[in-house]
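Undergrad: can't give you the sequence, but here's the structure:
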């Protein structure tokens, strides 16, 4: 089954809102063996939406449409779908009851505009939207020879995700797979992309045509992704493909072992969280230039309380001294961005929060504050453990966001390395 | 001038990486009066890229291509551009010198694969990539009658942004505007989208055809965007359009005054930072369920040291007690998610970090930990000021990420409200 995605909304084309929905949907489809051919963002504009729907259905069996389902007049997706499927809007009792129940305590919302939410195209199947008021619409658009499906969902990410997980994906699953797509990803760190490619060139050149390697570098990490595609004509194909990929990975692993961070495509904070949680250990962060980013990453995962107690964001020198106990003389002698200070931040944090490990960052994220000795991008790190504290310095680029993103990654990578030992 | 964007990369269609480049570029174009008709993500696949290039150039005057410029063999954009423009790759001395200088201390990177970076299509103008090794390529693809431009840039966001800011946008600016696009956005909070639409319906219905209103709700805030479009045939049109929009806004503002957060489309943390910085006041956060998100938002902006000293992420009860001084009896009697505890968190944080204000959060972000009295989504907030502390409770949804995003927004909104008084 091949899919295309059409994201609708003027706001997506003027840079006010980024289309994160398409990427989320693609991940689910990919896991199911549904190949996404392309995704497109278009305006709330009838002719353009009609054109894209027609084009997408020429190539794909499944077209996912998000956005344009609000009660206000800039939202026209329902009307356009009526026009595309030559049908009209009818009142749907289930949607009406659901929306009325959802807002039973909010008479201000149960107004005449909200009432348009229970008007739906006559020819569609309405799937329940348990977490919002916009209808989720499933259209069977196929011919006798070939099944074709169009699904329209709200653009609000939480609502779309809920609808996909609970209603759309289960229905698609019942339709069965047409090909197997398997990905395996290695996380690699500490080698340039080109050097890595040369190192594994003869292995890569010998890959069979249905296996494909991609290099995905980001913020100091390279994701090395091996993809295998096979028709699902035989049920045993999936096992055959998986075995073949495992054999290739077994040959690849020794070549990259020195740089390997993980053999799964997981965020670093999840890898670290699993390592800590598995050993019953705890961690905290004392952050200056990363400003809470490491804390937020560690805490983002459900169940983080197993290994995470808290953090201190110590942006000013005053907080470094008064909360983390950094020595005032060291601050004035070496500066806030220095080995002695960042070591004391890590040790102070570990002591204050009573954790097994603490990681500290202090750097010059810019755009101001750089000096010839400590240019923008200079970041000092320290990692305090029950067996002592290590510290090191890195230069992580020129741009503020790049520097803090990379610094958070480098901190997590170091902790992963220590815990793996 | 009308533009289209083509983002190239298998990783963009399997959900491994989200295409954030398109939205960033659209914002710049929009500010310049260049309308983006659509953006599309496609695979690293020759036929598909050729097709999209051809289609995009039929509709648009400017086609921006990102991605596929790395040194490894999955990156084929340069070859496809050669095929599209019927040209071949030639060595470019400037790119060679730049890449050699960039990696002069990294002999491991200066290998035969990296050397392919200075091969560029013969017919293009190479623009300097000061922060990376991939070339930025400008193609004049027009006819005698009509100018057409294709620009190819790296997919790495920092490199693309640097290239756009320093080289691509200045060149486009020299070509001149063909229409004026002006947006004004109001940030509104505390009213349902449908109720808002009804409240301003007669104003909206009376808008002239070249002015258009959009509703963009997200995480508890509605962005109300008024857009005006006029041809730039006369230089005075921009002033006329702006004046007309100001008159419409003057009529709109009294209708939404009770719910107004800001009259500019700025992130809440920037609005708060400006309010604090302007008054010489400081703020800190004591975070449980938001886990560092508020700290990270406050600290994300350059110059945050004017109003931001630090924060305490107090995820465990132990840290709430030992670092923030929350009373152990209150913790056991009322629970961590309660008014008394969150007030003590805010007050303890304000005292510890010696700031003018402190905001605290404690809630049940799920998926576990909910009870009938305190279901998932329950969040307690407190705001400590020199004149006392307020606390309140909200219910912010069912999903972890939704709850923490909304909670961070609600905390910032409250602080903005207090500072505006």
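TA: Noted; the coordinates are in hand. Just so it is clear, the structure is predicted and the values come from calculations on it, not from any experiment.
Undergrad: Kindly state the domain boundaries assigned to chain A.
TA: Following the assignment in automatic domain parsing, chain A carries domains at A:2-175, A:180-262, A:268-420.
Undergrad: And the last one, end to end?
TA: With Cα to Cα, to the nearest Å applied, domain A:268-420 spans 13 Å between its terminal residues.
Undergrad: Is it in proximity to chain B?
TA: Yes - residues of domain A:268-420 are located near chain B by Cβ under 8 Å from any Cβ of the partner chain, namely A:287, A:291-296, A:298-300, A:302-305, A:308-316, A:318-319, A:322-323, A:352-354, A:366-368, A:397-402. Glycine gets a C-beta too; all of them are placed from N, C-alpha and C.
Undergrad: Check which helices and strands the helix or strand where residue A:244 lies sits against.
TA: Element membership for residue A:244, per DSSP states H and E: helix A:237-256. Taking 3 or more Cβ pairs under 8 Å, 6 or more residues apart in numbering or on different chains; DSSP states H and E as the contact definition, the neighbouring helices and strands of helix A:237-256 are strand A:179-188, helix A:193-199, helix A:201-205, strand A:211-218, strand A:221-231.
Undergrad: Do me a favour and average the pLDDT over it.
TA: The average pLDDT within helix A:237-256 is 94.
Undergrad: Could I get the buried residue list for that helix?
TA: Using 16 or more other Cβ atoms under 10 Å in any protein chain shown as the burial criterion, the residues of helix A:237-256 that qualify are A:238, A:241, A:244, A:245, A:248, A:252, A:255, A:256.
Undergrad: In which helix or strand does the residue of chain A most remote from its centre reside?
TA: In chain A, counting by Cα atoms, centre = their mean, residue A:329 sits farthest out from the average C-alpha position, at 43.0 Å. If you go by DSSP H and E, residue A:329 is part of helix A:328-334.
Undergrad: so how far is that helix from its chain's centroid?
TA: Between the mean C-alpha point of helix A:328-334 and the mean C-alpha point of its chain there is a distance of 40 Å (Cα atoms, centre = their mean, to the nearest Å).
Undergrad: and the stretch 101-250 of chain A, which residues reach chain B?
TA: The stretch 101-250 of chain A comes close to chain B at residues A:106, A:108-109, A:111-114, A:131, A:156, A:158, A:161-162, A:183, A:185, A:191-195, A:197-198, A:204, A:212-218, A:223, A:225, A:227, as judged by Cβ under 8 Å from any Cβ.
Undergrad: mind redoing it with 6 Å?
TA: Within the stretch 101-250 of chain A, the positions lying close to chain B (Cβ under 6 Å from any Cβ of the partner chain) are A:108-109, A:111, A:113-114, A:158, A:192, A:194-195, A:197-198, A:214-216.
Undergrad: can you give me the helices in the stretch 51-200 of chain A?
TA: Remark: helices assigned in the stretch 51-200 of chain A by DSSP state H, counting those that start in this stretch are A:77-84, A:93-102, A:157-163, A:169-175, A:193-199.
Undergrad: could you check the distance from the residue farthest from the centre of chain A over to residue A:344?
TA: Residue A:329 is 11 Å from residue A:344, where distance means Cβ to Cβ, to the nearest Å.
Undergrad: can you check residue A:205 too?
TA: Applying Cβ to Cβ, the value for residue A:205 to residue A:344 is 51 Å.
Undergrad: Please identify which of the two sits among more neighbours.
TA: Each of residue A:205 and residue A:344 had its neighbours counted (other Cβ atoms under 10 Å in any protein chain shown), and the higher figure belongs to residue A:344 (25 against 8).
Undergrad: Pretty sure that one sits in a strand.
TA: No - in this structure, residue A:344 is helix, not part of a strand, as judged by DSSP: H, G, I helix; E, B strand; the rest coil.
Undergrad: That one against residue A:326, yeah?
TA: Yes - with contact defined as Cβ atoms under 6 Å, residue A:344 reaches residue A:326; the gap is 4.4 Å.
Undergrad: any idea of the pLDDT on residue A:275?
TA: 96.
Undergrad: let me redo that: residue A:322
TA: Listed pLDDT for residue A:322 reads 96.
Undergrad: what's the burial count for it?
TA: For residue A:322, the count of nearby residues is 17 (other Cβ under 10 Å).
Undergrad: cool, residue A:149 as well?
TA: For residue A:149, the neighbour count with other Cβ under 10 Å is 21.
Undergrad: What segments of the stretch 251-400 of chain A are helices?
TA: Taking DSSP H, counting those that start in this stretch as the criterion, the stretch 251-400 of chain A contains helices spanning A:268-279, A:293-300, A:317-322, A:328-334, A:339-353, A:400-420.
Undergrad: Residue B:139 is nearest to which of those helices?
TA: Shortest separation from residue B:139 across the helices of the stretch 251-400 of chain A is recorded for helix A:400-420, at 28.1 Å, computed as Cβ to Cβ.
Undergrad: I'd like the average pLDDT over that closest one.
TA: 93.
Undergrad: just stretch A:331-348 next, same as before
TA: 98.
Undergrad: Look at that stretch and report the distance between its end residues.
TA: From its first residue to its last, stretch A:331-348 covers 14 Å (Cα to Cα).
Undergrad: Buried ones in it, by neighbour count?
TA: When burial is assessed from 16+ other Cβ under 10 Å, stretch A:331-348 yields the following buried residues: A:331, A:335-348.
Undergrad: Pull the distance from that stretch to the chain's centre.
TA: Going by Cα atoms, centre = their mean, where stretch A:331-348 is centred and where its chain is centred differ by 34 Å.
Undergrad: what's the answer for stretch A:324-344, then?
TA: Centre to centre, stretch against its chain (Cα atoms, centre = their mean), the figure for stretch A:324-344 is 36 Å.
Undergrad: How about stretch A:52-67?
TA: Using Cα atoms, centre = their mean, the mean C-alpha position of stretch A:52-67 is found 24 Å from that of the whole chain.
Undergrad: quick one: low-confidence ranges for the stretch 51-200 of chain A?
TA: Under the criterion pLDDT under 70, the flagged ranges of the stretch 51-200 of chain A are A:144-145, A:176-178.
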